[in-house]
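Participant: any chance you can model this:
(one chain, ligands or ions: 2)
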Amino acid sequence: MAKIKTIGILTSGGDAPGMNAAIRAVVRKALTNGVAVKGIKKGYQGLLNEEIIDMNARSVSDTIQRGGTILGTARCMEFMTEAGQQKGADICRKHGIDGIVVIGGDGSYRGAQALSRHGINTIGIPGTIDLDIACTDYTIGFDTAVNTAMEAIDKVRDTSSSHERCSIIEVMGRNAGYIALWCGVANGAEDVLLPEKYDYNEQAIINNIIHNRKRGKTHHLIINAEGIGHSTSMARRIEAATGIETRATILGYMQRGGSPTCKDRYYASIMGAYAADILCAGSTNRVVAYKGGSFVDFDIEEALEMQKGISEYEFEISRALAT
Ligand code: ADP
Ligand code: F6P
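Facilitator: Ligands and ions are numbered 1, 2, ... in the order given. Prediction:
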């Protein structure tokens, strides 16, 4: 196995708070291991455009507390093609890059897998606010995003109670309901609508609102996941059916920004250092994960075949506590 001399690092897909902590850890741990580091800007698109910079320990100074990603990120259609992937691997070789750390979600892992097939060693790190990567119990950014959403929902709840309104609050997560479930429990929502569980029985929600109002509840908080969407039209229908003023709030991109929580900084730092270590040691086609209380790594193929879903028990608890 040829000795690894230079590694690259890129962030891909949606950004997530804590990505900078991971970048910082990759850079500094690789340098400590005697391996040079190049930063690749704007994900696979930046790789194809050869937006590649040298990085040293100072390149990542004053970044651990910042949201977003200092390298930038992008989605790149060209990299989905065989020709794009071959070009990406050739560019790596041209710049002396023996291996790459890719921080992103499942889609980004597939890109990493392709690079590995073309002879460039790759390690993935789970970076997404959605928590929807099956091989890991933790993804970079989820903790910050869910805390940001929770604080925003508390604020909506105050005004909702004062006005005795019903509020539908839509949170991000693409097709996954983790942010919605966690906020549902943490914010004490009366209803939580998850893509994995929702039966589209709007009448049941309407009955619940009327029932709760009769029992003296002054507000009714519905957390709706992005994967269900349509919060504004749902609010109009609920108001018409119940006679209770109903407002929709879509939290949107605020959930992806902001200074990362301690948990996101810590876990991202450990994962970044771990990725640098195994990449420098010659591993390829692996993803770092946090599973069953430990930091581990899996083969990308194996990781992509894993399944995860919302726990029925936890979902039932979210409903039971809302009574
Ligand atoms: P995420 O990594 O958060 O899941 P995307 O699914 O948008 O985000 O993927 C990010 C990028 O990864 C894509 O824009 C593309 O460049 C690359 N990618 C996604 N799927 C593949 C694939 N099947 N093969 C190669 N590259 C891929
Ligand atoms: O994957 C993170 C995420 O914020 C999802 O929650 C959301 O569905 C998606 O990205 C939005 O992506 P874009 O930045 O392309 O609008």
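Participant: going forward, measure contacts between C-alpha atoms and count neighbours the same way
Facilitator: Noted.
Participant: how is this protein divided into domains?
Facilitator: Split into domains by automatic domain parsing, the chain comes to 6-141+260-305, 144-256.
Participant: confirm Lys218 sits in a strand?
Facilitator: For residue 218 the amino acid is Thr, not Lys. No. Assigned with DSSP: H, G, I helix; E, B strand; the rest coil, Thr218 falls outside any strand and is coil.
Participant: ok, and the closest non-adjacent residue to it?
Facilitator: Take Thr218 and drop its neighbours on the chain: the residue closest to it by Cα to Cα, 6 or more residues apart in numbering is Glu164, 4.9 Å away.
Participant: give me the element that neighbour is part of.
Facilitator: If you go by DSSP states H and E, Glu164 is not part of any helix or strand.
Participant: count of residues packed around it?
Facilitator: 18 (other Cα atoms under 10 Å).
Participant: do the same with Ala320
Facilitator: Around Ala320 there are 11 residues (other Cα under 10 Å).
Participant: likewise for Asp106?
Facilitator: Quick note: Asp106 (other Cα under 10 Å) scores 21 neighbours.
Participant: if we can go back for a sec, between the domains of the chain, which gets nearest to Thr323?
Facilitator: domain 144-256 (7.2 Å; Cα to Cα).
Participant: distance between the closest one and the chain's centre?
Facilitator: Distance of domain 144-256 from the chain centroid (Cα atoms, centre = their mean, to the nearest Å) equals 21 Å.
Participant: just stretch 261-271 next, same as before
Facilitator: Offset of stretch 261-271 from its chain centre (Cα atoms, centre = their mean): 13 Å.
Participant: how about that stretch, which residues are buried there?
Facilitator: For stretch 261-271, the neighbour count (16 or more other Cα atoms under 10 Å) marks 261, 263-271 as buried.
Participant: ok, which of those also contact ligand 2?
Facilitator: Here nothing survives when the buried residues of stretch 261-271 are matched to ligand 2 using Cα under 6 Å from any ligand atom.
Participant: contact residues of the protein facing ligand 2?
Facilitator: 14, 128-130, 172-174.
Participant: residues touching the closest residue to Ile23 other than its chain neighbours, list them.
Facilitator: Spatial nearest neighbour of Ile23, excluding adjacent residues (Cα to Cα, 6+ apart): Gly272 at 6.5 Å. The neighbours of Gly272, taking Cα atoms under 8 Å, 6 or more residues apart in numbering as the test, are 21-26, 125.
Participant: quick check, pLDDT for Gly272.
Facilitator: For Gly272, the pLDDT comes out at 98.
Participant: how far away is it from Arg286?
Facilitator: The gap separating Gly272 from Arg286 is 13 Å, by Cα to Cα, to the nearest Å.
Participant: coming back round to it: check the offset of the one helix or strand the residue nearest to Ile23 maps to from the chain's centre.
Facilitator: Gly272 belongs to helix 262-280 when assigned by DSSP H and E. Here the centre of helix 262-280 is set off from its chain's centre by 16 Å, with Cα atoms, centre = their mean.
Participant: next secondary structure element downstream of it?
Facilitator: strand 286-291.
Participant: ok, that following strand: who's next to it in the sheet?
Facilitator: If you go by DSSP bridges, strand 286-291 pairs up with strand 121-126 (parallel), strand 294-299 (antiparallel).
Participant: could you pull out the buried residues of that strand?
Facilitator: Here strand 286-291 shows 286-290 as buried, counting by 16+ other Cα under 10 Å.
Participant: so for that strand, what's the average pLDDT?
Facilitator: Rounded mean pLDDT across strand 286-291 is 98.
Participant: stretch 150-168 now?
Facilitator: Mean pLDDT, computed over stretch 150-168, is 97.
Participant: quick one: the strands in the stretch 51-200 of the chain?
Facilitator: For the stretch 51-200 of the chain, the strands defined by DSSP state E, counting those that start in this stretch cover 52-55, 99-104, 121-126, 166-171, 191-193.
Participant: figure out which of those is closest to Ile238.
Facilitator: strand 166-171 (8.7 Å).
Participant: could you double-check that Gly105 sits in contact with Leu131?
Facilitator: No. Gly105 lies out of contact with Leu131 (Cα atoms under 8 Å); the separation is 9.2 Å.
Participant: understood, closing this out.
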